[in-house]
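Asks: Got a predicted model here, sequence first, then my questions.
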Amino acid sequence: MTIDSPPNTSADLAYQELRTAILTGEVVAGQVMSQVQLAAEMNISRTPLREAVRRLEAEGLLTAESNRRVRVSELTLRDLDEVYGQRLLLEPLAVHVSVPQLTRDDLAEVKDALEASSAALRANDMEVFHEHHRALHLGIVKRVGPRLFRTISELWDHAERYRRVFLVEGVVDRRQQTICDHEDLVAAAFARDTSLCASVLIRHLSTTALTVFDYYGGPERPEMINLALERHR
């Protein structure tokens, strides 16, 4: 199974271009955009753009407004709670299924992603880090079924919006801890120790999510995250 599939149509291209712009923060949360202007800027007709917009609406990244406009979905603590709550339930399951099936080539790719992401993080090259960070995490769970893999990939990408804000805002410098977590995760995968791999992943995900909540949350609490963590105790 490949982690990403190349776009095939104008609608696919428009979908991936807009999706990437939203997930990376190039198009900011809450921004309102004209579909007519978007079609002109992307040099496509409105039919494939409408298809791309429909898919992004279904994914929760865009909301339709009047006069053929769309709004980029806001970043909210409630959504972060839902994203990470689901990740904490699904990704440990995926680890238990996928890790025993990883081939030598799969593991070599994960190790390469670890080395590249660590080097980029130490150099503060965040764009390169984000690319290899994704390859590392999804590489470990790539041998699950296609339905679960698609769900995990989508949740991972949605979490990326929050991670980018988290890193830019400088809530706390977790770079060295992130590298250590990734090293532990990959070592457990190489050892085929699924329980340890899942445990490291749970610690890694929950620390990121709860740190963001502690910084931004105020009276809001991470209900789904806490419920998911209770399941693992």
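Replies: Structure received. Numbers count the residues shown, from 1 in each chain.
Asks: Walking through the chain, point out its helices one by one.
Replies: According to DSSP state H, the chain carries its helices in the segments 10-23, 35-42, 46-58, 77-98, 104-122, 126-140, 146-169, 175-190, 194-216, 223-231.
Asks: just checking, what packs against the third one?
Replies: Which is helix 46-58. On a contact count with 3 or more Cβ pairs under 8 Å, 6 or more residues apart in numbering; DSSP states H and E, helix 46-58 meets helix 10-23, helix 35-42, strand 62-65, strand 69-72. Yep, even glycine has a C-beta here, placed from its N, CA and C like the rest.
Asks: hmm, try it at 6 Å
Replies: With contacts defined as 3 or more Cβ pairs under 6 Å, 6 or more residues apart in numbering; DSSP states H and E, helix 46-58 has these neighbours: helix 10-23, helix 35-42.
Asks: Enumerate every residue touching Y15.
Replies: Counting by Cβ atoms under 6 Å, 6 or more residues apart in numbering, Y15 makes contact with A52, R55.
Asks: likewise the one 10 residues further on?
Replies: With contact taken as Cβ under 6 Å, 6+ apart, G25 is in contact with R164.
Asks: Comparing the helices and strands packed on helix 46-58, which comes out most buried?
Replies: Neighbour counts (mean count of other Cβ atoms under 10 Å) averaged over each of the helices and strands packed on helix 46-58 peak at helix 10-23, with a mean of 18.
Asks: where does the residue lying farthest from the centre of the chain fall, phi/psi-wise?
Replies: Distance to the chain centre peaks in the chain at N67, reaching 31.3 Å (criterion: Cα atoms, centre = their mean). Backbone geometry at N67, expressed as degrees, to the nearest 10, gives phi 60, psi 40.
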